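1. take a look and give me a structure for this.
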Amino acid sequence: MALRPMAIAAAIIASAPLSAAPSGPASIAEHQRQCAGKDGWSDPAPPVRIFANVYDVGSCGITVLLITGSKGHILIDAATAQAVPSIIANIERLGLRPTDVKYLLTTHEHVDHVGGLHAIQQRTGATLIASAAARPMLESGTPASDDPQRGSIPDFAGARVGRIVKDGETIALGSLRLTVHLTPGHSPGGTSWSWTACAGKSCRRIVYADSLSAVSANHYRFADHPAYVARLRATIAKVAALRCDLLITPHPASSNLYDRLAGKAPLIDSKACATYAATARSNLDQRLTREAAAAKGR
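-> Below you'll find the predicted structure:
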């Protein structure tokens, strides 16, 4: 008995091979294709390997670092709440289980970097580790009262901090060892991280340096807060002095990360931290000069 056309179509569809979902890290070419014309906080991006066991699983415009280990993994930052589904998908694409993420770390307590922290914590069950300065904002979801950007950025869902760390302390998870560097200035609870990663016999000192930019709400004048400016200057000097072969930043564009991964600029540069800090110092000086000029023009 002849099959009806609808039945024939169904049989063809059922017998057609399913296209496999991508697995493993994306090439930088795939990343650039998917993010072409996009650099938003929540634009989905495929995961890319930066070096050895270090991956960017974030969005097109926000770095979310995954550091893998045999005893569990560490995730630094979480982008926005809207980006969480793609972050989880990226972890799974690498063949890893989200529940094997054991520690959550952060750079600074703004919605574009930690807005997804609560949801990530819910999905992974990981322990959030932070400084005493960052804890109140991470748990409340509200920027600090002395944050230059307070009033210009939205609140976010807070997450529970399970461990407090101090400057210079080491975070250990199996063979993974990360050093805490308190770097307030862009935000009061800013934190940077350093560690060594090896691909075979090739080992690199990696620094995930927090943002150093003097950005603020419209009403805020850095010149009115000399103690805060002094704190930011001290942080810039601290980052400049870090030993780093490979620099990564919360906003990948700030360290030209994707062009470096594409081979358009050196990925490894022992002067990268010093250069990053010098740019931040210059930008801060320019900001203060503009504020002084505006005050004279009143």
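2. now the strands for this protein?
-> Per DSSP state E, the chain carries strands over the ranges 48-51, 54-56, 65-67, 73-76, 101-105, 127-131, 161-165, 170-173, 176-182, 191-199, 202-208, 246-248.
3. nearest to residue 37, of those?
-> strand 48-51 (17.9 Å; CB to CB). For glycine as for every other residue, the C-beta is placed from the backbone atoms N, C-alpha and C.
4. what's the closest one packed up against?
-> strand 54-56, strand 246-248, helix 257-261 (3 or more CB pairs under 8 Å, 6 or more residues apart in numbering; DSSP states H and E).
5. and it, how far out from the chain middle?
-> Relative to its chain's centre, strand 48-51 lies at 13 Å (CA atoms, centre = their mean, to the nearest Å).
6. what lies in contact with it?
-> 25-28, 31, 55-56, 65, 197, 199, 204, 206, 246, 248, 257, 261, 267 (CB atoms under 8 Å, 6 or more residues apart in numbering).
7. name only those of those that count as buried.
-> For these, a neighbour count by 16 or more other CB atoms under 10 Å gives the buried set as 25-26, 28, 31, 55-56, 65, 197, 204, 206, 246, 248, 257, 261, 267.
8. quick one: mean pLDDT over the longest helix anywhere in the chain.
-> The longest helix of the chain (DSSP state H) is helix 272-296. Average pLDDT, helix 272-296: 96.
9. also stretch 127-144?
-> 98.
10. tell me the buried residues in that stretch?
-> In stretch 127-144, counting by 16+ other CB under 10 Å, buried: 127-131, 133-139, 141-144.
11. and for stretch 32-50?
-> For stretch 32-50, burial by neighbour count (16+ other CB under 10 Å) applies to 32, 35, 41, 42, 43, 44, 45, 46, 47, 48, 49, 50.
12. now that stretch - C-alpha only, PDB.
-> Output of stretch 32-50 as PDB, limited to C-alpha atoms (Å, rounded to 0.1, in the frame of the first residue of the first chain):
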ATOM      1  CA  GLN A  32      34.300  36.600  15.700                       C
ATOM      2  CA  ARG A  33      31.600  35.500  13.300                       C
ATOM      3  CA  GLN A  34      29.000  35.200  16.100                       C
ATOM      4  CA  CYS A  35      30.000  38.500  17.700                       C
ATOM      5  CA  ALA A  36      30.400  40.500  14.500                       C
ATOM      6  CA  GLY A  37      28.900  43.900  15.200                       C
ATOM      7  CA  LYS A  38      28.100  42.900  18.800                       C
ATOM      8  CA  ASP A  39      29.800  43.800  22.100                       C
ATOM      9  CA  GLY A  40      26.900  43.900  24.500                       C
ATOM     10  CA  TRP A  41      26.900  42.700  28.000                       C
ATOM     11  CA  SER A  42      24.500  39.800  27.200                       C
ATOM     12  CA  ASP A  43      25.200  39.000  23.600                       C
ATOM     13  CA  PRO A  44      25.800  35.200  23.500                       C
ATOM     14  CA  ALA A  45      29.300  34.200  22.400                       C
ATOM     15  CA  PRO A  46      30.900  30.700  22.000                       C
ATOM     16  CA  PRO A  47      33.600  29.600  24.500                       C
ATOM     17  CA  VAL A  48      37.200  30.100  23.500                       C
ATOM     18  CA  ARG A  49      40.400  28.800  25.000                       C
ATOM     19  CA  ILE A  50      42.700  31.600  26.100                       C
END
